[in-house]
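Asks: Need coordinates for the below:
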Amino acid sequence: MEYEAVIGLEVHVELLTESKLFCKCPNRFTAEANSHTCEVCLGFPGALPLLNREAVQKALTAAVALNCEIALHSYFDRKNYFYPDMPKGYQISQYHVPLGRNGFLEVEDDSGALKKIRIGRVHMEEDAGKLVHAPAGLDSAVDYNRAGVPLIEIVTEPDLHSAGECRRYLEQLKSILQYAEVSDCKMEEGSLRCDANVSLRPRGSSILGNKTELKNMNSFKAVEKAVEYEIERQAQILRQGGSIIPQTRRWEEGKQVTVAMRDKLQAQDYRCFADPELAPIELTAAEVEAARRNLPEMASKRAARYVAEYGLPPYDAAVLTTTRGLSDYFEACLKLYPNPKEVSNWVMGDFTAHLSAAGVKPAEASFTPEYMASLLQMIDDQVISGKIAKEVMEKSFATGKSPRAIVEEEGLLQISDQSELEKIVDQVIAANPSGVENYRSGKTKALSFLVGQVMQATKGKANPGLVNKLLVEKLQQ
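Replies: Prediction:
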């Protein structure tokens with residue numbers, strides 16, 4: 001390509017707090033429209049804001065997790081603009097002195113090599129309300145439940161050069177914020193929103209071109225597609241001798257195109273000044289160090305440890321550390337049943353499938369680590385077969401009963417009595433002469449067929465190892 005893409009991302013992340021940034025209204029997503037509002041977040045004259053200290057702590061945690069330099073003294077500004085989703089006519093933000101500066105994340109570039117993406121700033125601000133447009137486009141309503149929800153904005157330097165790099169950066173950022181329990185990062189609920197600033201320049205040049213800002217992207221896939229489209233759109237304009245108009249554009253998911261919204265505002269248009277109603281944020285070096293010390297082990301380090309300490313394949317380690325909740329569940333199971341690969345197989349397979357079907361997180365599942373350990377131990381003790389274990393897990397998820405209780409109540413104990421199994425094996429051999437002949441003529445796959453017939457006859461309760469042994473002995477007679 002004759003042009004190089006230069007991309008910077010602005011990510012808005014709603015903090016995982018009980019209440020809003022400057023009032024006691026609940027910070028919840030699923031409430032009835034305009035039910036979580038008060039005089040402060042609706043901007044009534046004379047209503048005074050009171051800073052949520054939990055939000056400051058969450059923001060500090062995010063900033064240190066992103067390797068930022070922390071401002072021990074920072075303050076809030078008023079960023080003035082008039083839109084119906086901001087009832088005060090201004091947004092309270094940190095413009096002049098952000099909480100964090102000069103951070104970074106390391107992600108893979110398109111060749112697979114690690115590269116450092118600089119994070120210019122991490123600052124706190126309040127969220128705006130949500131505009132709800134009528135399908136015909138004739139009118140709009142405003143839900144102010146989101147107005148005043150605590151945000152951090154994470155702004156990169158223009159260090160990204162492809163749509164793939166953007167997606168990998170966002171995936172890494174989401175993982176860190178979720179592991180640190182700063183935010184739930186649910187893009188479908190708006191708790192993580194990304195704007196992308198995209199420009200092109202001749203390859204090899206150091207001069208930045210005019211940029212466009214992309215909005216309305218509600219998934220990482222949408223970010224990737226929108227950036228890809230915008231790169232090609234700008235390239236076509238430049239090839240034809242045109243120039244790029246600095247503007248804000250939205251991503252149209254249905255049409256897979258970006259559409260112009262408005263010309264770009266410059267920073268001075270916001271007329272920022274220090275908010276006179278809020279005291280500065282004063283932190284100590286000890287508080288910053290405590291936040292850094294209390295950071296959890298992040299996904300990349302945890303995955304590397306799983307490979308080195310437990311001997312798991314890199315694929316398993318990556319899947320298990322996708323979320324902190326799944327990783328914590330895996331480790332809790334290991335403390336009770338110290339067989340990493342066996343636990344990994346069940347957690348990645350049936351357990352995750354049941355979580356998805358139930359729509360719950362690992363910590364919310366009725367199938368506890370104690371239940372997992374009990375189930376796997378019963379397989380080891382030949383109390384139940386692997387096939388029966390899958391059925392037991394399904395019933396345990398549905399009822400909340402322990403695996404052992406289900407096995408005992410439903411008579412699912414594995415059949416390991418040799419004399420009982422011999423009778424069933426004899427019946428299967430007598431009923432399947434062609435299968436017997438195939439095995440004796442060297443077609444070893446016939447054994448699997450015969451084993452399956454025994455398992456079917458016993459409804460999966462037969463001890464598979466003993467069934468194999470008995471069949472081989474009798475077929476070789």
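Asks: and the helix or strand containing Arg78, which residues are buried?
Replies: For Arg78, the host element (DSSP states H and E) is strand 77-80. When burial is assessed from 16 or more other Cβ atoms under 10 Å, strand 77-80 yields the following buried residues: Asp77, Arg78, Lys79. C-beta coordinates here come from the backbone N, C-alpha and C atoms, glycine included.
Asks: Is the first one in contact with Pro98, as I believe?
Replies: No - using Cβ atoms under 8 Å, Asp77 makes no contact with Pro98, being 10.2 Å away.
Asks: So what touches the helix or strand following the strand holding Arg78?
Replies: Counting by DSSP H and E, the next helix or strand C-terminal to strand 77-80 is strand 90-93. Defining contact as Cβ atoms under 8 Å, 6 or more residues apart in numbering, one finds that strand 90-93 is touched by 21-22, 49, 76-81, 123-126, 128, 153, 272, 275, 278.
Asks: Pull the distance from strand 90-93 to the chain's centre.
Replies: Offset of strand 90-93 from its chain centre (Cα atoms, centre = their mean, to the nearest Å): 29 Å.
Asks: Low-confidence stretches in the protein?
Replies: 1, 137, 265-268, 413-417, 420, 477 (pLDDT under 70).
Asks: sorry, back to before: which strands and helices lie in contact with the strand holding Arg78?
Replies: Judged by 3 or more Cβ pairs under 8 Å, 6 or more residues apart in numbering; DSSP states H and E, strand 77-80 is in contact with strand 90-93, strand 273-274.
Asks: Pick the most buried one from the ones you listed.
Replies: Counting by mean count of other Cβ atoms under 10 Å, strand 90-93 has the highest mean neighbour count of the helices and strands packed on strand 77-80, with a mean of 21.
Asks: could I get that strand in CSV with only the CA atoms?
Replies: What follows is strand 90-93, C-alpha atoms only, in CSV (Å, rounded to 0.1, in the frame of the first residue of the first chain):
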residue,chain,number,x,y,z
TYR,A,90,-21.3,21.2,30.3
GLN,A,91,-19.5,17.9,31.2
ILE,A,92,-17.3,17.6,34.3
SER,A,93,-14.0,16.1,33.1
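Asks: Show the subsequent helix or strand relative to it.
Replies: Once strand 90-93 ends, the next helix or strand along the chain (criterion: DSSP H and E) is strand 100-108.
Asks: buried sites along that next one?
Replies: Gly100, Arg101, Gly103, Phe104, Leu105, Val107.
Asks: and the two most separated of those?
Replies: Distance extremes for the buried residues of strand 100-108: the farthest pair is Arg101 and Val107 at 19.8 Å, using Cβ to Cβ.
Asks: follow-up on the earlier one: ok, of the contacts of strand 90-93, which come out buried?
Replies: For the contacts of strand 90-93, buried by 16+ other Cβ under 10 Å: 21-22, 49, 76-79, 123-126, 128, 153, 272, 275, 278.
Asks: If we only consider the residues you listed, which is nearest to Ala304?
Replies: Distances from Ala304 to the buried ones among the contacts of strand 90-93, taken by Cβ to Cβ, are shortest for Glu153, at 30.4 Å.
Asks: how about the closest one, what does it touch?
Replies: Glu153 neighbours (Cβ under 8 Å, 6+ apart): Glu10, Val11, His12, Val13, Ser93, Arg121, Val122, His123, Glu125.
Asks: Out of those residues, name the ones that lie in strands.
Replies: Glu10, Val11, His12, Val13, Ser93, Arg121, Val122, His123, Glu125 (DSSP state E).
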